[in-house]
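1. predicted model follows, preceded by the sequence.
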Amino acid sequence: MSEGNEFISIFNTLLPIKKVLEDPSGSNIFVILFISGIIGFSFWVFVSFGLRQYRPCSKGIEDAKASVDQYSKGTLTTNFEELNQEMSSNPLIGNLWSEYDKTLVKIKRDDGTEDVFSTIEASYFFNEANILESRINLKFYNAVPGILTGLGILGTFVGLT
């Protein structure tokens, strides 16, 4: 059997369009609609997550990282106000940065420069739970594999009857 015929055979097994066209009975139409619904739901979840939720979060994190990376360790304290403005205006982590900024201690040296010290670890504020859970419905996306498995099992039992 050639690869093309093998692909068509697998495709017809997964989505039996040929069978529906040959015998358009109610059960065959139901099967094709059920399978199409599962595929459509899966595609909707993928697009919804990727385009509407993941990309804005990813861009916000990349922007914050770029803001921090533009300063070397030695110039970070001297340019802290610029960094503070950039991070506060970041739509993803601006509110978290404002909370983190409240925990920073700024000490002036004798030479007029200022040192900045953190009293709480940055990871307390900037972690997956704080950044993503308020913007992405993680409970739903964690449940999607179970939903698809359940629909597959339901489809199997409906197909057996």
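-> That came through fine.
2. excluding chain neighbours, what is closest to the one residue sitting closest to the centre of the chain?
-> When the chain is reduced to its mean C-alpha position, the nearest residue by Cα atoms, centre = their mean turns out to be Tyr54, at 3.7 Å. Excluding the flanking residues, the one nearest Tyr54 by Cβ to Cβ, 6 or more residues apart in numbering is Ile136, at 7.5 Å. Every C-beta, even on glycine, is put in place using the N, C-alpha and C of the backbone.
3. what about the residue of the chain most remote from its centre, distance to Thr78?
-> No residue in the chain sits farther from the centre than Asp110, which is 47.2 Å out by Cα atoms, centre = their mean. As for Asp110, its distance to Thr78 is 16 Å (criterion: Cβ to Cβ, to the nearest Å).
4. how about the strands in this structure?
-> 104-108, 114-118 (DSSP state E).
5. ok, residues contacting the last one?
-> Contacts of strand 114-118 with the rest of the structure, by Cβ atoms under 8 Å, 6 or more residues apart in numbering, involve Leu76, Thr77, Thr78, Phe80, Tyr100, Thr103, Leu104, Val105, Lys106, Ile107, Lys108, Arg109.
6. where does the chain have low pLDDT?
-> For the chain, the stretches with pLDDT under 70 are 1-4, 14-15, 160-161.
7. just the helices from it, written as ranges.
-> For the chain, applying DSSP state H gives helices covering 3-14, 17-22, 26-47, 55-69, 80-88, 94-102, 128-132, 138-160.
8. for those, give me a markdown table that also has mean neighbour count.
-> Output for the helices of the chain, formatted as a markdown table (neighbours: other Cβ atoms under 10 Å):
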| stretch | mean neighbour count |
| --- | --- |
| helix 3-14 | 10 |
| helix 17-22 | 13 |
| helix 26-47 | 13 |
| helix 55-69 | 14 |
| helix 80-88 | 15 |
| helix 94-102 | 15 |
| helix 128-132 | 13 |
| helix 138-160 | 11 |
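9. and those: which comes nearest Ile120?
-> Set against Ile120 and scored by Cβ to Cβ, the helices of the chain come closest in helix 94-102, at 7.7 Å.
10. the closest one to helix 80-88, inter-axis angle?
-> For helix 94-102 against helix 80-88, the angle by axes from the mean of the first three to the mean of the last three Cα atoms, to 10 degrees is 150 degrees.
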